[in-house]
Every structure is written in structure tokens, then in C-alpha cells.
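Chemist: Here is a sequence with its predicted model. Questions after.
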Amino acid sequence: MKRLALALFLTLPALAAERADLLITGGTVLTMAGPNIEKGSVVIRDGEIIAVGPSSEIDREYAAKQTIRAGGMAVTPGFVNAHTHVPMVLFRGIADDLDLMEWLQNFIFPAEAKNVDREFVKWGTRLAAAEMIRSGTTTFADMYYFESDIARETKAAGLRGVLGETVLDFPAPDNKTWDAAMVYLREYAAKWKGDALITPAFAPHAPFTVSTDHLKQVRALATELGVPILIHVSETRDELRQVAEKQEGATPGAYLDSIGFLGDDVVAAHGVWLTPDEIKTFAARKTGVAHCPESNQMLASGVAPIVEMIKAGMEVGLGTDGPAGSNNNLDMLEEMASAARLQKVTRNDPKAITAREVLRLGTIGGAQVLGLADRIGTLERGKRADVLIIDLQQAKVQPVYSVESAIVYAASGNSVVTTIVDGRILMRRGKLTTIDEAEVMSKAKEYREKILASLKK
């Protein structure tokens, strides 16, 4: 009888263990909400993080259907790409080494007019999704055309997206008139609002490509329907010149504020040439900026003063921009390293910004800019389970003295070995689970031939 009682007692901890879907154990957990946890664990159930803490305390409390042992790895929140144009991967390398206006007007706009349709954005989004999953992006903000199709492909790939339908004053590949674009925006918002992974957004291209009346119309519609706005602002000196000529000498940020456009639901891409007064205004309006350091280098646009922005209380995230001519990849780890080095060299101060700070910009910073900080960006109980496992055992990373420095300055996108979004494993040990990568690569090569032929006509 005593032996039976002892046996029952010994099995009680196992019987009392709480159910979970996934346990990630033994890694260095960077919660981005507090101190790192050496030999830590993250527990996931129904797409939600239900526990984070030392493995010695956490593991015995949960019985998980699946366990990932992350010894020698870093466990981080998923990266948030706060500005890009994902289908443009199919134009990757088509026109490099040009300034922005020449690149747009002489190459990109004509190539888009001849090639962009629903099939183009479908295959471009699949290719971009494969690249993003492989390099650790779990959430991205997009500005392009046929955005409802991009939303469908994004959801199928398992990624999270704030996806902006781009509108301009001239005919776009999907909507040839402004009135048609406005109808599309309403239908698009109605279709996707409330989706678990997709946030529909409106994306007037820029202050120099959309008139004042049309910007006000988009602003009013976004307010009515409760959707965010994505827009390019103060990217180049040429943009400043164009806006000043049309708006009685006003700078882009001041002009947008004067027409009541700015707000906490607006994401301004670039912000390279925001003035000190505009920075104060953006901070007061809670308008976030997506800093795109590699794009700004590639197009020689300048260097955004993100240190001043952060000090002023602005919300700042990181973006790759489009992967064609203005960057050519969607690697957020590369973007973080560039962001840090640019601030150091332009300010002549190696302490201008730290690896931990730029890692924050690429995770919770981007989540704040996109209005998703209550759901993603940190590894905390109650957040959605967007999680990365990064290999710190690679030769290019070893030895590791500081995990943040190892990730930002030594690792790269291919150091990511596991990508999880909303609790779903999209890549495990380097193998994609939601995308047929071979099929996508084959299609990309077909599009190369088609696009080259179209440019000769």
C-alpha cells in the first residue's frame, strides 16, 4: 500500500503539467522586454506565448506536443520589416546605381506598367515570403498594387502583414483612375479588416505623386474605416524641391501636417530630411518613421537622423524598402548592422547607437510603428508567438561575448534556422514548410525572361 501511494505521488508532477503546443528550451532568450534569459524557455499554446523564463523552472510545468532544443542558439522576437514593396523582388537588379527619380521614372514605373498584374504579384510575393521567412522577418509593411492578392499570398505563407494598397494621381497597374482606386480601397478594407494576420492599409505613394485633395480623401477614408496609412515622406532632396514648388515652400512633413494628414495611424517611410521642427511635430502626432538605411545608401538619399528622432520621442522602426534597385534584399539583420554603422560614421561617434538598440528597432520598435506592439515585438506572456531561433554556433559568429553584438554585427539572415509566426512553424532547421521554394525559383527565372523582353519593346 505504501509503495502504491509513493508511485502515485511521484507521478503527480507529470499529471499536473499544463498542456502546450510547443516548448522552445535551452536557448538564450532575448525577450526585448527585459534582461536576457540564459538557458531560457518559451512556451506556446494556440498561437500565444503562455510562459517565458528559465528552462529549469519552466520546462517541468508544461507538457508540450513538440519540443525544440535551442542550446547554443538565440531565441528572439520575429523581425518586423516596417517598409517594403515585396513583389518587386521580380525586378531585383533590373536598374541599379541610379538616383531615385531616374530609377522610378525611367525604369521602375515603365517596367511595372508593362509587367505588373495579379499573377506577377502572386509569384513576387511568394518569392519574397520565402526570403523573409529564411531571414527571420515575421511581419512586414508593404506598399504595392493588387494588395488584396498580396494579402492572400501573405496569409497562405503564414506571415503577418500590414499591407497598403498604393494609390497615385496617375494610372496604376491595378486601378487606372482615382475613382476606381477609391472603390478598391473600400472593398479591400472590408475584406481583410479583423483578420488574424493581415492588417489592410491605404498607401498614397508620396506628397509629390498624390494631390492635396486626394491626400485628404485618403485621410478621411482611413479615419472612417479605421485602417492605417503608409506613405513615403522626405526621402530625397529632390522630393523636398518638388513639394516646395507645389506647396509654397513647405517641407513634406510640415505640408502633411498642415492638411491634417498626420496621426498615430500613419507610417512615414524614410524621413531622411525631416527638420528638427518636423521631428517634434511627428513625435507630438505619434506618427512613426520606417528607417531604411540600405535603400538610403543605395540611392544616395542621405541618412535619417534616427538618434534625434528617438530622443524626441518618435516611434522608429527599420525597413528594407523594395528589393529592386533601392536595396536588392529583404535581410533585416543586414539592415540592423547598416543602421548602426551609418549612425556611428555620420555622427563620428562609435557610441551613437548600440547593437541592442538597433535590435530593438527591428523588433518592438517596428511593432510600435505599425500599431502592433500589443500583439508582437517582444517575447512575453500574452503576446502572439512570433519567434525566431538564430544559430550562434556558426564560424562567422563564434566566439560569442555579447549575444546582441553577435546577432547584429556577425550573424546574417541565413543564421536564422527556425521561424515561427502565430505559433505556426514556417521554417524548421532551414526547411520551409509553407512555400514550394523550387516552384517559386523556377517562376522567378521565367519572369526574368518576360521582363527583359518587355523592356526591348
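Modeler: Arrived safely.
Chemist: what pairs with the longest strand along the chain, and is each one parallel or antiparallel?
Modeler: Ranked by residue count, the top strand of the chain under DSSP state E comes out as strand 18-29. Strand 18-29 pairs in its sheet with strand 37-45 (antiparallel), strand 62-69 (parallel), strand 73-77 (parallel), by DSSP bridges.
Chemist: Can you pull the domain assignment for the chain?
Modeler: Segmentation of the chain into domains, based on automatic domain parsing, reads 2-77+381-432, 79-369.
Chemist: Mean neighbour count, the ones you listed: which tops it?
Modeler: Of all those, domain 79-369 has the most neighbours on average by mean count of other CB atoms under 10 Å, namely a mean of 21. All C-beta atoms are positioned from the backbone trio N, CA, C, and that covers glycine.
Chemist: what separates it from the chain centre, distance-wise?
Modeler: With CA atoms, centre = their mean, to the nearest Å as the basis, the distance from the averaged C-alpha position of domain 79-369 to the chain average is 10 Å.
Chemist: end to end, how far does it reach?
Modeler: With CA to CA, to the nearest Å applied, domain 79-369 spans 13 Å between its terminal residues.
Chemist: per-residue confidence averaged over it?
Modeler: The pLDDT scores in domain 79-369 average 96.
Chemist: returning to that earlier point: generate TSV for the strands paired with strand 18-29, with distance to residue 206 as supplementary columns.
Modeler: Output for the strands paired with strand 18-29, formatted as TSV (distance: least, CB to CB, whole Å):
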stretch	distance to residue 206
strand 37-45	40
strand 62-69	43
strand 73-77	30
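Chemist: OK, contacts around residue 424?
Modeler: By CB atoms under 8 Å, 6 or more residues apart in numbering, the contact list for residue 424 reads 47, 158, 434.
Chemist: how about a cut-off of 6 Å?
Modeler: Counting by CB atoms under 6 Å, 6 or more residues apart in numbering, residue 424 touches residue 158.
Chemist: what's across from it in the sheet?
Modeler: With DSSP bridges as the rule, residue 424 is bridged to residue 421.
Chemist: Would you state the predicted confidence (pLDDT) at it?
Modeler: 98.
Chemist: picking up where we left off before, can I get the CA coordinates of the longest strand of the chain in CSV?
Modeler: The C-alpha trace of strand 18-29 is given here as CSV (Å, rounded to 0.1, in the frame of the first residue of the first chain):
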residue,chain,number,x,y,z
GLU,A,18,0.0,22.2,-18.2
ARG,A,19,-0.8,21.5,-21.8
ALA,A,20,1.2,23.3,-24.5
ASP,A,21,1.7,23.0,-28.2
LEU,A,22,5.4,24.0,-28.4
LEU,A,23,8.3,24.3,-26.0
ILE,A,24,11.5,26.0,-27.1
THR,A,25,14.1,25.2,-24.5
GLY,A,26,17.7,25.8,-23.6
GLY,A,27,18.5,28.9,-25.7
THR,A,28,19.5,32.4,-24.8
VAL,A,29,16.1,34.2,-24.8
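Chemist: roughly how far out does that strand sit from the chain middle?
Modeler: The chain centre lies 25 Å from the centre of strand 18-29; the measure is CA atoms, centre = their mean.
Chemist: related to what we said a few turns ago, reformat the domains of the chain into JSON lines and put distance to residue 449 next to each item.
Modeler: Listed next are these as JSON lines, based on distance: least, CB to CB, whole Å:
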{"stretch": "domain 2-77+381-432", "distance to residue 449": "25"}
{"stretch": "domain 79-369", "distance to residue 449": "11"}
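Chemist: wait, which of the ones you listed is closest to residue 446?
Modeler: With respect to residue 446, and counting by CB to CB, the nearest of the domains of the chain is domain 79-369 at 8.6 Å.
Chemist: right, and the domains of the chain - which one's nearest residue 440?
Modeler: Here domain 79-369 is closest among the domains of the chain (CB to CB), at 4.8 Å.
Chemist: quick one: the residue nearest to residue 416 when sequence neighbours are not counted and residue 110, what's the gap?
Modeler: Spatial nearest neighbour of residue 416, excluding adjacent residues (CB to CB, 6 or more residues apart in numbering): residue 136 at 4.0 Å. Counting by CB to CB, to the nearest Å, the separation of residue 136 from residue 110 is 34 Å.
Chemist: again, but for residue 366
Modeler: Noted for residue 366: a distance of 32 Å to residue 110, by CB to CB.
Chemist: repeat for residue 375
Modeler: The spacing between residue 375 and residue 110, counted by CB to CB, is 39 Å.
Chemist: same question, residue 268
Modeler: As judged by CB to CB, residue 268 and residue 110 stand 27 Å apart.
Chemist: Over to residue 427?
Modeler: According to CB to CB, residue 427 stands 36 Å off from residue 110.
Chemist: Stretch 27-36: end-to-end distance?
Modeler: 10 Å.
Chemist: brain fart, stretch 192-205
Modeler: For stretch 192-205, the separation between the terminal residues is 21 Å (CA to CA).
Chemist: hmm, who's touching it?
Modeler: With contact meaning CB under 6 Å, 6+ apart, stretch 192-205 is reached by 143, 151, 155, 160-162, 164-168, 185, 188-189, 210, 215, 218, 222, 227-231.
Chemist: swap in stretch 127-138?
Modeler: When contacts are defined by CB under 6 Å, 6+ apart, stretch 127-138 is touched by residues 78-79, 81, 86, 89, 157, 159-160, 330-332, 386, 388, 413, 416, 419, 421, 426-427, 435, 437, 440, 444.
Chemist: Identify the bridge partners of the residue sitting nearest the centre point of the chain.
Modeler: Geometric centre of the chain, nearest residue: residue 81, 1.6 Å, by CA atoms, centre = their mean. Per DSSP bridges, the residues bridged to residue 81 are residue 140.
Chemist: Surely it touches residue 140?
Modeler: Yes: at 4.1 Å, residue 81 counts as touching residue 140 under the criterion of CB atoms under 6 Å.
Chemist: and residue 289, which of the three is it?
Modeler: At residue 289, secondary structure determined by DSSP: H, G, I helix; E, B strand; the rest coil is strand.
Chemist: if you skip the residues just before and after it, what's nearest to it?
Modeler: According to CB to CB, 6+ apart, the nearest residue to residue 289 is residue 271 (4.0 Å).
Chemist: which residues touch that neighbour?
Modeler: Residues in contact with residue 271 (CB under 6 Å, 6+ apart) are 233-234, 289, 304.
Chemist: ok, now with 10 Å
Modeler: Contacts for residue 271 were tallied using CB atoms under 10 Å, 6 or more residues apart in numbering; they are 232-235, 252-253, 278-279, 282, 287-292, 296, 304-306, 309, 314, 316.
Chemist: What of residue 353?
Modeler: 306-307, 310, 339-344, 347, 360-361.
Chemist: Recalculate using a threshold of 6 Å.
Modeler: Residue 353 makes contact with 340, 343, according to CB under 6 Å, 6+ apart.
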